[in-house]
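Engineer: Sequence plus the predicted model coming up.
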Amino acid sequence: RGLIEKNGYPFENHTVQTKDGYILEIHRIPHGRNSSGNTGPPVLFVPGYLCSSADWVNMGPENSLGFILADKGYDVWLANYRGTRFQQIGEYDLPTFMNYILNVTKQEKLFYIGHSQGTTSYFALTSAKSEYNDKIRLSINLAPVAYCSHMTSFVNLFVIFKIPIAIYTALTQNYELLGYNSNTAKLGEIFCQDGAITQGLCVAGYYLFGGYSPDQINKTRLPVILTNTPAGSAIRQGQHYGQLITTGKFQKYDYGKIKNLEIYGQPTPPQYNLSKITAPVAIYVGDRDIYAKKEDTDKTAAEISNLVVYRYIEGFSHLDVIWGIDAPSVIFNDILEQMGQY
């Protein structure tokens, strides 16, 4: 809210309840700074793993996709989902968000923009519940993750330490990973600001989590990023990605044979069928992405039947597709052009 109002945009806070009882927030920017309040088509933004709705507005008005679209007359909705598996986000949270937004705006369709896990959830929803394709004008998938057997990021630790992590969660009943902490924000402001001798450590941490891309990192904005990230997620989410890395499949969570039979009616988890996604799909991914590797995104793209854009961007990492210095000129302008056609 602070980020939105401070920059002179209108802010509305909406709460929704999912079918299984979760209360979730969506932050709305109904129009831009200089508009009289005529609201254009709705756009649902869904963030990545360990992230929040702030991701889309933390680079200032000229460089944040959320603000840019609001100023272009779109009705911007920034979602915050539960801290759990993308399977449940796709099954419960996204349908709730979509139905709520379409109901409030009296529109039949919306634009969907997801980053990282926000794309995984989208693919899970639209491949499993095909009727939701009819509610989408176009989906923009930034650094998409479906198949991920070539991933080389911290998420691979869920594969390497699979058993110790399972023992830890069983003993402690602590299922949250890197939860939001206001102290992290304070430390970020002190140690990561321009002129701080420790800023280099913050940059190294950014590369570790996002991939090495020295030409795209906006060091000045690091304190702002760290005010809202990490926003926490479920350890089980990482475990699910770990399963996808190991199996090379894009499938539902594997509970083990007995529980799989009980939940899915089969001993192995069902696979998501990407060819069932009929709404238009645009993909943007960087060649320095350590999560969405080319071999995997190629496989994902090949299975999607209505792929309208697949852009592979040189010098961009996993986080640069939303925060990179050149993201507005290289990616956001193209997104605006695509959205104009739908």
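Structural biologist: Done, it's in.
Engineer: quick one: the helices in the stretch 201-342 of the chain?
Structural biologist: Listed in chain order, the helices of the stretch 201-342 of the chain (DSSP state H, counting those that start in this stretch) span 222-228, 235-247, 257-264, 294-303, 320-323, 327, 333-341.
Engineer: Report the buried residues of stretch 206-220.
Structural biologist: Burial within stretch 206-220, assessed by neighbour count using 16 or more other CB atoms under 10 Å, is assigned to Y206, Y207, F209, G210, G211, S213, Q216, I217, N218. The C-beta positions use only the backbone N, C-alpha and C, and glycine is treated the same way.
Engineer: Using CSV, write down the CA coordinates of stretch 253-269.
Structural biologist: The C-alpha coordinates for stretch 253-269 follow below in CSV (Å, rounded to 0.1, in the frame of the first residue of the first chain):
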residue,chain,number,x,y,z
TYR,A,253,2.5,-33.4,-5.6
ASP,A,254,3.7,-36.9,-4.8
TYR,A,255,2.5,-37.9,-1.3
GLY,A,256,3.8,-41.5,-1.6
LYS,A,257,1.8,-44.4,-3.0
ILE,A,258,-0.7,-44.9,-0.3
LYS,A,259,-1.8,-41.3,0.1
ASN,A,260,-1.7,-40.8,-3.7
LEU,A,261,-4.2,-43.6,-4.0
GLU,A,262,-6.4,-41.9,-1.4
ILE,A,263,-6.2,-38.4,-2.9
TYR,A,264,-5.8,-39.1,-6.7
GLY,A,265,-7.1,-42.6,-7.0
GLN,A,266,-3.8,-43.8,-8.5
PRO,A,267,-0.4,-44.7,-7.0
THR,A,268,1.5,-42.0,-8.9
PRO,A,269,0.6,-38.3,-9.1
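Engineer: Just give me how far that stretch sits from the chain centre.
Structural biologist: 27 Å (CA atoms, centre = their mean, to the nearest Å).
Engineer: Any chance you could list what contacts it?
Structural biologist: Outside of stretch 253-269, the residues within contact range by CB atoms under 8 Å, 6 or more residues apart in numbering are R85, Q87, R236, Q239, H240, Q243, T247, Q251, K252, P270.
Engineer: same thing but at 6 Å, please
Structural biologist: The set of residues that contact stretch 253-269 without belonging to it, under CB atoms under 6 Å, 6 or more residues apart in numbering, is R85, Q87, H240, Q243, Q251, K252, P270.
Engineer: Among the residues you listed, name the least confidently predicted one.
Structural biologist: Going through the contacts of stretch 253-269 one by one, the lowest pLDDT turns up at R85, 56.
Engineer: Now flag whichever of the buried residues of stretch 206-220 is closest to I190.
Structural biologist: Of all the buried residues of stretch 206-220, the one sitting nearest I190 is Y206; the distance, using CB to CB, is 16.3 Å.
Engineer: Find the residue closest to that closest one in space, skipping its chain neighbours.
Structural biologist: Leaving out its chain neighbours, the residue that sits closest to Y206 by CB to CB, 6 or more residues apart in numbering is I217, at 6.2 Å.
Engineer: Tell me how far the one you found lies from G66.
Structural biologist: Distance, I217 to G66, using CB to CB, to the nearest Å: 20 Å.
Engineer: Also D134?
Structural biologist: With distances taken as CB to CB, D134 is found 25 Å from G66.
Engineer: Which residue of those two possesses the greater neighbour count?
Structural biologist: For D134 versus G66, neighbours defined as other CB atoms under 10 Å are more numerous around G66 (28 against 10).
Engineer: Assumed the more buried one was part of a helix.
Structural biologist: Yes: with DSSP: H, G, I helix; E, B strand; the rest coil as the criterion, G66 is located in a helix.
Engineer: Am I right that it is in contact with W77?
Structural biologist: No: using CB atoms under 6 Å, G66 makes no contact with W77, being 9.5 Å away.
Engineer: And the residue nearest to Y206, its phi and psi?
Structural biologist: Backbone torsions of I217, given as degrees, to the nearest 10, read phi -70, psi 130.
Engineer: and if you look at W77?
Structural biologist: Taking degrees, to the nearest 10, you get phi -120, psi 120 for the backbone angles of W77.
Engineer: in terms of contact, does it touch I26 like I think?
Structural biologist: Yes: under the criterion of CB under 6 Å, W77 lies in contact with I26, with a separation of 5.2 Å.
Engineer: can you give me the helices for the stretch 1-150 of the chain?
Structural biologist: For the stretch 1-150 of the chain, helices defined by DSSP H, counting those that start in this stretch occupy the ranges 2-6, 65-71, 86-88, 94-105, 117-128.
Engineer: This structure: strands as residue ranges?
Structural biologist: Assigned strands in the chain, in chain order: 12-17, 23-29, 42-46, 75-79, 110-115, 136-142, 176-177, 233-234, 281-286, 307-313 (criterion: DSSP state E).
Engineer: buried set for the second one?
Structural biologist: If you call a residue buried by 16+ other CB under 10 Å, then strand 23-29 has these buried ones: L24, I26, H27, R28, I29.
Engineer: Could you count how many residues lie near the residue lying closest to the fourth one once chain neighbours are set aside?
Structural biologist: Looking back up the chat, that one is R28. The spatially closest residue to R28, leaving aside those adjacent along the chain, is E12, at 4.1 Å (CB to CB, 6+ apart). Counted with other CB under 10 Å, residues neighbouring E12 total 13.
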